[in-house]
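A.B. asks: Sequence and predicted structure below; questions after.
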Amino acid sequence: MIKEIPSESLNPDSFITEHVNDIRKKVVEGTVINALSGGVDSSVVTLLGHRALGARLRTVFIQNGLMREGEPQKVASFFKERGVNVEIIYAEDAFLEALKGITDPEEKREAITQTFYKEVFGRIVRESKARFLLQGTILTDVDETIAGIKRQHNVFEQLGIDPQEAFGYGIIEPLIQLRKDGVRKVGKALGLTEEYYNRIPFPGPALAARIIGEVTRDRLEIVRKATSITENMLSDTGAFQYMAILHEDRVTGMRNGKRDFGNQVEIRCWDSVDARTATPTNLPYETLTALAGEILEQVPGVVSVTYNIAPKPPSTIEAV
Ligand code: XMP
């Protein structure tokens, strides 16, 4: 049982000192690999690991083809300015191949997990002879996996999977006692800019968690464009998280006076503190219609835009 550190009782500076020491103790020698995705959790873990290990921390950004527009370059240059060198590893084909033909949400998550940890990471770890992977698993990931709600792609030990046996390396998870609000506090204390520590959460399976049905290059393009528009237009709402989801069903629409059997995009925007429960943000109607207008105009093939009004539970934040 993992002991939670609630955000209210968290002292970020002593948390940092304790975990820097703990990482140094665990990693007596050699390199540790760190997977940075640009999300809040992995950004915080990167700075923590860098403080503990300096150049012994090798930070990689896996370009799995499921990322947001311009994300790898943006994240790499942000961390470079802070003295952390980020290697971008191009692995799009491996992920798309593994996702081919899969429509079931849990199978999709499992395909991403296996490709990430076994294939892509396994190779990097073997080549570098690292013994550990540093990653930003948080308590909410563990809770939801154990409860059987969703298999978060980064949870192993709590499911009885020994990463050492399964993948050939150990995993260090310094943020496992925290929830998102606690992680943000630690990020701020580590000197992360507000843009990063207050960044809206983004799931490990990335845009694949925003596509209902098969993940293909074309469908990724649609959801990537809709995500970019949604994030730009809702960024000053102060909401906890917002996203665009591509549905599997097609609906009849019309364009230029002709029938257009097209795609449906669902917008979700959430108020939440720690992602355990969430309610749809009461967005002004003008905001919603402006957002729909932009998506219909800019994303080819979309004829329907809806807004989710169901809270979590029984909904979940992501659709997959
Ligand atoms: P759900 O959809 O379970 O999401 O209500 C709760 C929070 O977790 C994020 N999320 C994930 N984060 N790996 C992650 O690192 C995952 O597999 C994953 N699935 C969901 C989600 O964006 C929300 O903030």
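C.D. replies: Cool, the structure landed.
A.B. asks: List the contacts of stretch 28-38.
C.D. replies: Residues from elsewhere that reach stretch 28-38, judged by CB atoms under 8 Å, 6 or more residues apart in numbering: 23, 42-43, 45-46, 49, 53, 56-62, 67, 71, 74-75, 79, 86, 116, 121, 124-125, 128-135, 169, 172, 199, 202, 204, 206. The way it works is simple: take the backbone N, C-alpha and C, and place the C-beta from them, glycine included.
A.B. asks: Buried ones among these?
C.D. replies: Listed as buried from the contacts of stretch 28-38 are 23, 42-43, 45-46, 49, 53, 57-62, 67, 71, 75, 79, 86, 116, 121, 124-125, 130-135, 169, 172, 199, 202, 204, 206; burial here means 16 or more other CB atoms under 10 Å.
A.B. asks: Now intersect the residues you listed with the helices, please.
C.D. replies: If you go by DSSP state H, the buried ones among the contacts of stretch 28-38 have 23, 42-43, 45-46, 49, 53, 71, 75, 79, 121, 124-125 in helices.
A.B. asks: Can you lay out these as CSV showing pLDDT and distance to V265?
C.D. replies: Conversion of those to CSV gives the following (pLDDT from 0 to 100; distance: CB to CB, whole Å):
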residue, pLDDT, distance to V265
I23, 97, 42
S42, 94, 27
S43, 95, 28
V45, 97, 32
T46, 97, 32
G49, 97, 37
L53, 96, 42
E71, 94, 20
V75, 95, 25
F79, 96, 32
F121, 86, 32
I124, 91, 35
V125, 85, 38
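A.B. asks: For the chain, list the residues in contact with the ligand, please.
C.D. replies: For the chain, the residues in contact with the ligand (CB under 6 Å from any ligand atom) are 140-141, 144, 150, 152-154, 201, 203-205, 209, 241, 275, 312, 316-318.
A.B. asks: Mind checking which of these are in strands?
C.D. replies: Restricting the residues of the chain next to the ligand to those inside strands, with DSSP state E as the criterion, leaves Q241.
A.B. asks: Pull up the distance across stretch 67-75, start to finish.
C.D. replies: For stretch 67-75, the first and last residues are 11 Å from each other (CA to CA, to the nearest Å).
A.B. asks: Revised request: answer the last question for stretch 65-75.
C.D. replies: Distances were taken as CA to CA; on that basis the terminal residues of stretch 65-75 are 15 Å apart.
A.B. asks: How about residues contacting that stretch?
C.D. replies: Counting by CB under 8 Å, 6+ apart, stretch 65-75 makes contact with 36-38, 43, 61, 63, 86, 88, 91-93, 95-96, 112, 202, 205-208, 215, 217, 220, 224-225, 227-228, 231, all of which sit outside it.
A.B. asks: From those, list just the buried residues.
C.D. replies: Among these, those classed as buried by neighbour count (16+ other CB under 10 Å) are 36-38, 43, 61, 63, 86, 91, 95-96, 112, 202, 205-208, 215, 220, 224-225, 227-228, 231.
A.B. asks: Just the residues you listed: which are in strands?
C.D. replies: Per DSSP E, strands hold the following members of the buried ones among the contacts of stretch 65-75: F61, Q63, V86.
A.B. asks: State the distance from the second one to I89.
C.D. replies: Put plainly, it is Q63. Between Q63 and I89 the distance is 7 Å, computed by CB to CB, to the nearest Å.
A.B. asks: what about S304, which helix or strand?
C.D. replies: strand 302-307 (DSSP states H and E).
A.B. asks: Right, I'll leave it there.
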